[in-house]
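Asks: take a look and give me a structure for this.
(chains A and B)
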Amino acid sequence: MDEPLIRWDWIARNWDNGSPLAIRTLLENHIVMAFVPVVFGLILAIPLGLACARWRLLYQPTTALMNIVYAMPSLALFSILLSVTGLTQTTVIIPLTLFSLAVLIPSVVDGMTSVPDHVRQSATAMGFRPLRRLILVELPIATPVVLAGTRVATVASISLVSVGALIGQGGLGALFTDGWQRQFSTPIIVGIALIVLLAVAADLVLIVLQRLLTPWSRARRSA
Amino acid sequence: MIKFDGVTKRYADGTVAVDNLSLEAASGTITVFVGPSGCGKTTSLRMINRMIDATTGRITLDGQDVKAIEPATLRRGIGYVIQQAGLFPHRTIVDNIATVPYLLGWDRKKARARAMELLERVGLDPKLAKRYPFQLSGGQQQRVGVARALAADPPVLLMDEPFSAVDPIVRTSLQEELLRLQSELHKTIVFVTHDIDEAVKLGDTVAVFRVGGHLAQISDPATLLSAPADDFVREFLGRDRGIRRLSFVPAADVPLSPPPDTLVVDDGKPVGWKSDDGTRPYGSFNPATDSLRAALDAALLSVNGVAVAVDGDGKVLGVVARDALDAAVSGVARG
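Replies: Predicted coordinates:
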């Protein structure tokens, strides 16, 4: 059989054909399932990371727990969650949120550690009370490190969503199962290409965000 | 006036950082805490703005016990400068300087205008206002640190080894800048250093601490140099305290003689000492502003041992021969 590696006409026909397996629909689902966990992850990681930075005794047990969760096969987590949340996007989003925490909590802790002690001291000596110091001094200085962690978590999340295809919620991952089942390479290549493009695009957006939010961190000398 | 009254700082592990310290730092003057590391000088400083709380004893600021004032409120009324400047890396220079005015709720425009005024006051180019701290040299950062401490015009300034991380040339210029600012502002300054030369140069009063948080001696620098209280202070002052003491004796009283013919003068200004092949080097001092040490130095720089006295414009007033200087120096030695 003389099957070409890519059949461009298949892409055109399946881009936006109204079916739940249209490439565009899959891409949109993929974006939602990849980004929601990172956003939730940040919302949870900031208070948890601050607590770990404040009470260092918490840090080791927390990272140990997060690493155990991270080591668990996503499939196992899906099957546990299936009985609660069923074959929905939530079943994918919850494990991915936990995975992103494993990267983001240490980023927040490292970010807080990156605040030079003399800066913290001088803030206190000028009359900052603790909450104001946290919001106006420590968190802004921690931002570059937290954003670096967010880039890793985002790219990992974009790639991991595809595993959800095993429960029918994998975004672009559905193209892989489709391709394997039919021994048809076009959807597989399209899936890989779009996931890589999505990851690169998201990373670029975060780099631009980092430049805008922290103009002071470029070419930063050791303080 | 800042007054320490029987102040002791004992940590939970039993270490005594400051032991029963009583001293006064007079308003409008610079009081320097000096001593080797571990002598409790920094701890003492930080007890004034309650970065550290004293275990026993009382510290009062113009009669008011600092423990009776809520720490953040107390600190907003006290300028603070530390070694690495402690600038906020994420804020521009102008916003760094305006930190305390912002905390005090000044309106943004007023706070920035005040910051710009201080930027120039500490000798920095207003163009630096929009830069970030990492774009400035260490000496410039330290000037910004001083400007920031002065922003809300606090009556008291605490300086914790502010100039010890910069190179010697920059340090000298920062010290002179501080003395110039102080002559205009008359703040009550407590300055911590481990460098006795810096202490003697800047302090109106110098408090020497010894390890274990004991006050070894407190006096004006000239008395400190001429009459150290004990061997520790003598040792800490170093070898050439006799010479350094001359820095505190003005040269105004040294008798001047008319310049001899051998001094070549052009347009009233000295050129050098006459010799067969042109002129030889000379040393000069200004009796109105310089010390006896500068006069002696000028004599030593002249080939013939005669110091040239000049006025503020560099014009010759007269000369001082070595024997006249010797008489002045022995007058100091006799006290």
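
Asks: which positions in stretch A:99-116 come out as buried?
Replies: The neighbour-count criterion (16 or more other Cβ atoms under 10 Å in any protein chain shown) identifies A:99-112, A:115-116 as the buried residues of stretch A:99-116. Placement of C-beta: from N, CA and C, glycine included.

Asks: swap in stretch A:115-130?
Replies: Of the residues in stretch A:115-130, those buried (16+ other Cβ under 10 Å) are A:115-116, A:118-128.

Asks: possible to save those residues as JSON lines with pLDDT?
Replies: JSON lines is the format used below for the buried residues of stretch A:115-130 (pLDDT from 0 to 100):
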{"residue": "A:Val115", "pLDDT": "94"}
{"residue": "A:Pro116", "pLDDT": "93"}
{"residue": "A:His118", "pLDDT": "92"}
{"residue": "A:Val119", "pLDDT": "94"}
{"residue": "A:Arg120", "pLDDT": "94"}
{"residue": "A:Gln121", "pLDDT": "93"}
{"residue": "A:Ser122", "pLDDT": "94"}
{"residue": "A:Ala123", "pLDDT": "96"}
{"residue": "A:Thr124", "pLDDT": "96"}
{"residue": "A:Ala125", "pLDDT": "95"}
{"residue": "A:Met126", "pLDDT": "95"}
{"residue": "A:Gly127", "pLDDT": "95"}
{"residue": "A:Phe128", "pLDDT": "96"}
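
Asks: restrict the residues you listed to contacts with chain B.
Replies: Among these, proximity to chain B is found for A:116, A:118-119, A:121-128 (Cβ under 8 Å from any Cβ of the partner chain).

Asks: could you work out the most separated pair of those?
Replies: Using Cβ to Cβ, these span at most 18.9 Å, a distance reached by A:Pro116 and A:Gly127.

Asks: helix or strand next in line after the helix of greatest length in chain A, which one?
Replies: When chain A is parsed with DSSP state H, its longest helix is helix A:23-54. Counting by DSSP states H and E, the element after helix A:23-54 in chain order, helix or strand, is helix A:56-71.

Asks: how about the contacts made by A:Leu101?
Replies: Contact analysis of A:Leu101 by Cβ atoms under 8 Å, 6 or more residues apart in numbering or on different chains lists A:41, A:44-45, A:48, A:66, A:69.

Asks: and A:Thr91, by the same measure?
Replies: Applying Cβ under 8 Å, 6+ apart to A:Thr91 gives the contacts A:78, A:81-82, A:85, A:164, A:167, A:169.

Asks: close to chain B: what parts of chain A are there?
Replies: Along chain A, the residues adjacent to chain B under the rule Cβ under 8 Å from any Cβ are A:116, A:118-119, A:121-129, A:132, A:137, A:140-141, A:143, A:214-217, A:219-221, A:223.

Asks: rerun at 6 Å
Replies: Within chain A, the residues that sit near chain B (Cβ under 6 Å from any Cβ of the partner chain) are A:118-119, A:122, A:125-127, A:129, A:140-141, A:216, A:220-221.

Asks: could I get those residues as CSV with secondary structure and distance to B:Ile189?
Replies: Shown next, in CSV, are the residues of chain A next to chain B (DSSP: H, G, I helix; E, B strand; the rest coil; distance: Cβ to Cβ, whole Å):
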residue, secondary structure, distance to B:Ile189
A:His118, helix, 20
A:Val119, helix, 23
A:Ser122, helix, 17
A:Ala125, helix, 15
A:Met126, coil, 17
A:Gly127, coil, 19
A:Arg129, coil, 26
A:Pro140, helix, 31
A:Ile141, helix, 29
A:Trp216, helix, 31
A:Arg220, coil, 32
A:Arg221, coil, 30
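
Asks: may I ask which two of the residues you listed are separated the most?
Replies: Farthest pair in those (Cβ to Cβ) is A:Arg129 and A:Arg221. Separation: 29.6 Å.

Asks: report the beta-bridge partners for B:Thr31.
Replies: Following DSSP bridges, B:Thr31 is listed with bridge partners B:Val190, B:Thr205.

Asks: gap between it and B:Ala327?
Replies: According to Cβ to Cβ, to the nearest Å, B:Thr31 and B:Ala327 sit 35 Å apart.

Asks: what does B:Gly314 give?
Replies: From B:Gly314 across to B:Ala327, the span is 26 Å (Cβ to Cβ).

Asks: what number of residues lie near B:Asn139?
Replies: I think there's a mix-up here, since residue B:139 is Gly and not Asn. Counted with other Cβ atoms under 10 Å in any protein chain shown, the neighbours of B:Gly139 add up to 20.

Asks: phi and psi next, for the nearest residue to it once chain neighbours are set aside.
Replies: Of all residues not flanking B:Gly139 in the chain, B:Val170 sits nearest, at 3.8 Å (Cβ to Cβ, 6 or more residues apart in numbering or on different chains). Phi and psi for B:Val170, reported as degrees, to the nearest 10, are phi -60, psi -40.

Asks: is it true that B:Val170 touches B:Gln140?
Replies: No: B:Val170 is beyond contact range of B:Gln140, at 9.1 Å (criterion: Cβ atoms under 6 Å).

Asks: who's more crowded, the two?
Replies: Applying other Cβ under 10 Å to B:Val170 and B:Gln140 shows that B:Gln140 carries more neighbours, namely 21 against 17.

Asks: so the more buried one is in which element?
Replies: helix B:138-150.

Asks: show me which residues of the stretch 1-150 of chain B sit near chain A.
Replies: In this structure, the stretch 1-150 of chain B approaches chain A at residues B:51, B:72, B:75-76, B:80, B:82, B:84, B:86, B:89-90, B:99-100, B:103, B:132, B:134, judged by Cβ under 6 Å from any Cβ.

Asks: show me which of these are buried.
Replies: The neighbour-count criterion (16+ other Cβ under 10 Å) marks B:51, B:72, B:75-76, B:80, B:82, B:84, B:86, B:89-90, B:99-100, B:103, B:132, B:134 among the residues of the stretch 1-150 of chain B next to chain A as buried.

Asks: which of those residues sit farthest apart?
Replies: For those, the farthest-apart pair by Cβ to Cβ is B:Ala72 and B:Phe134; their separation is 27.8 Å.

Asks: contacting residues for the spatially closest residue to B:Gln142 that is not a sequence neighbour?
Replies: Closest residue to B:Gln142 apart from its sequence neighbours, by Cβ to Cβ, 6+ apart: B:Ala85 at 5.3 Å. For B:Ala85, the contact set (Cβ atoms under 6 Å, 6 or more residues apart in numbering or on different chains) comprises B:141-142, B:145.

Asks: tell me the centre residue of chain A?
Replies: Geometric centre of chain A, nearest residue: A:Thr154, 2.9 Å, by Cα atoms, centre = their mean.

Asks: the helices in the chain, which residues?
Replies: This is for chain A. Counting by DSSP H, the helices of chain A are A:8-14, A:23-54, A:56-71, A:74-85, A:89-113, A:117-125, A:130-133, A:139-160, A:173-182, A:185-213.

Asks: ah, I was thinking of chain B
Replies: Here chain B has its helices, by DSSP H, at B:41-48, B:71-76, B:93-97, B:99-103, B:108-121, B:138-150, B:168-185, B:196-202, B:221-226, B:231-237, B:241-245, B:292-301, B:322-334.

Asks: which one of these lies nearest to A:Ile6?
Replies: Closest to A:Ile6 of the helices of chain B is helix B:93-97 (Cβ to Cβ; 54.7 Å).
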